[in-house]
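*Asks:* okay, sequence plus prediction incoming.
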Amino acid sequence: MGFGVFNTIAVAARYARERHGVERVLIVDFDVHHGNGTQEVFYDDPNTLYISTHQAGLWPYTGKAKEVGAGAGRGATINIPLPGGSGDQAMARAWSRVVLPAAERFRPQLVLVSAGYDAHWRDPLAAMQLTAGTYHWMCAELAELSKRCSGTVLALVLEGGYHAPSLAESVAASLCG
């Protein structure tokens, strides 16, 4: 059990696959907390690549690097737990070395983002120390990925952020990305 009651990202991914024939869905989760519910829904699904960057050791205490999927979905779950205080440079390295290459290889037809902004340095729930500039950069990279994948749709779903000014700043930066 995580923070959410409904898993909007999982519903959107399933809807796109079942109603619109989308074969490959990429879900990127940059919320400071691991998306254990999303991981569980798609853990054995080779057609949904779930990538989570999150602060290690926080609720719900899941999202270890060794959690990589099961059965046909083995390798379609990528967890990148980062220590508190990691900041922009560590996130950029994780994205450049793991997130973006994996997403590029997967060639998604739909990119969904669990856009939690509680990793911002002013957010009181955690200590990842990200700035709005990093959210801008991550979303710009996903927009470019979407273009390279023949116009793949990119959608962000707001999932968290508990410091209103930094939430507003980070959402605006993401949308300009």
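*Replies:* Here it is on my side, so go on.
*Asks:* let me know the helix or strand that P81 is in.
*Replies:* strand 77-82 (DSSP states H and E).
*Asks:* what helices or strands is that strand leaning on?
*Replies:* On a contact count with 3 or more Cβ pairs under 8 Å, 6 or more residues apart in numbering; DSSP states H and E, strand 77-82 meets helix 36-42, strand 48-55, helix 87-94. Every C-beta, even on glycine, is put in place using the N, C-alpha and C of the backbone.
*Asks:* so how far is it from its chain's centroid?
*Replies:* Chain-centre distance of strand 77-82: 10 Å, with Cα atoms, centre = their mean, to the nearest Å.
*Asks:* leaving out chain neighbours, which residue sits closest to A140?
*Replies:* G177 (3.7 Å; Cβ to Cβ, 6 or more residues apart in numbering).
*Asks:* run through the residues that contact the one you found.
*Replies:* Residues near G177 by Cβ atoms under 8 Å, 6 or more residues apart in numbering: 135-143.
*Asks:* helices along the chain, start to end?
*Replies:* With DSSP state H, the ranges of helices along the chain come out as 8-20, 36-42, 87-94, 100-106, 132-148, 164-175.
*Asks:* so, low pLDDT: which residues of the chain?
*Replies:* Within the chain, the ranges that satisfy pLDDT under 70 run 1-4.
*Asks:* hmm, what's the outermost residue in it?
*Replies:* Using Cα atoms, centre = their mean, the residue of the chain lying farthest from its centre is R19. It sits 23.0 Å away.
*Asks:* do you know how far the residue most central in space within the chain is from D118?
*Replies:* In the chain, the residue lying closest to the centroid (Cα atoms, centre = their mean) is D29, at 1.5 Å. Relative to D118, D29 is positioned 12 Å away (Cβ to Cβ, to the nearest Å).
*Asks:* again, but for T77
*Replies:* 21 Å.
*Asks:* who's the residue nearest to the centre of the chain bridged to?
*Replies:* Beta-bridge partners for D29, by DSSP bridges, are S52, S114.
*Asks:* for stretch 166-175, buried residues please.
*Replies:* 166-167, 169-171, 173-174 (16 or more other Cβ atoms under 10 Å).
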